[in-house]
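Student: Requesting a structural model of the entry that follows:
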Amino acid sequence: MPKIYGAVTINAERCKGCELCVIACPTKVLQLQPKEVNNKGYHYATVVNAEACIGCASCATVCPDACIEVYKVIEK
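Tutor: Residues are numbered from 1 along each chain as shown. From the prediction side, this is the model:
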């Protein structure tokens, strides 16, 4: 039976570090970058636990800047 999991991509330059995606993620896949900032000076969201992503897209739904995309990947 194929396994379905998610893959998250984040546009770090558009992210303003509001942390809504981090809070919305049920599997704790995302966190704010603690040391680096983007060109606007914000600590941006980053993927820290990609294997745990279930592809629910909660992070992308709550992102006010639409800088997160979630894809479903099927592993056969």
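
Student: Show the contacting residues for residue 72.
Tutor: Residue 72 makes contact with 4, 5, 6, 7, 55, according to CB atoms under 8 Å, 6 or more residues apart in numbering. Any C-beta I mention is one placed from the backbone N, CA and C, and that applies to glycine too.

Student: Which pLDDT value goes with residue 5?
Tutor: Residue 5 is assigned 88 on the pLDDT scale.

Student: Quick one: list the elements packing against the helix or strand hosting it.
Tutor: Here residue 5, judged by DSSP states H and E, is contained in strand 3-10. Helices and strands touching strand 3-10, as assessed by 3 or more CB pairs under 8 Å, 6 or more residues apart in numbering; DSSP states H and E, comprise strand 45-47, strand 68-75.

Student: Which of these has the lowest mean pLDDT?
Tutor: Out of the helices and strands packed on strand 3-10, the stretch the model trusts least by mean pLDDT is strand 68-75, with a mean of 92.

Student: quick one: strands adjacent to it?
Tutor: The pairing partners recorded for strand 68-75 under DSSP bridges are strand 3-10 (antiparallel).

Student: next helix or strand past the strand it pairs with?
Tutor: The C-terminal neighbour of strand 3-10 among helices and strands, as given by DSSP H and E, is helix 20-24.

Student: Give the other helices and strands that that following helix contacts.
Tutor: Packing contacts for helix 20-24, counted by 3+ CB pairs under 8 Å, 6+ apart, involve strand 30-32, helix 58-62.

Student: what residues does the longest one touch?
Tutor: Read that as helix 58-62. Residues contacting helix 58-62 (CB under 8 Å, 6+ apart): 8, 20-26, 29-30, 45, 66, 68-70.

Student: Nearest to residue 37 among those?
Tutor: For the contacts of helix 58-62, the minimum distance to residue 37 (CB to CB) is 12.1 Å, reached by residue 45.

Student: so what's that closest one up against?
Tutor: 10, 12, 15, 17, 19, 21-22, 30-33, 59, 68.

Student: ranking the helices and strands packed on strand 3-10 by burial, who's on top?
Tutor: Each of the helices and strands packed on strand 3-10 was given a mean neighbour count from mean count of other CB atoms under 10 Å, and the largest, a mean of 21, is that of strand 45-47.
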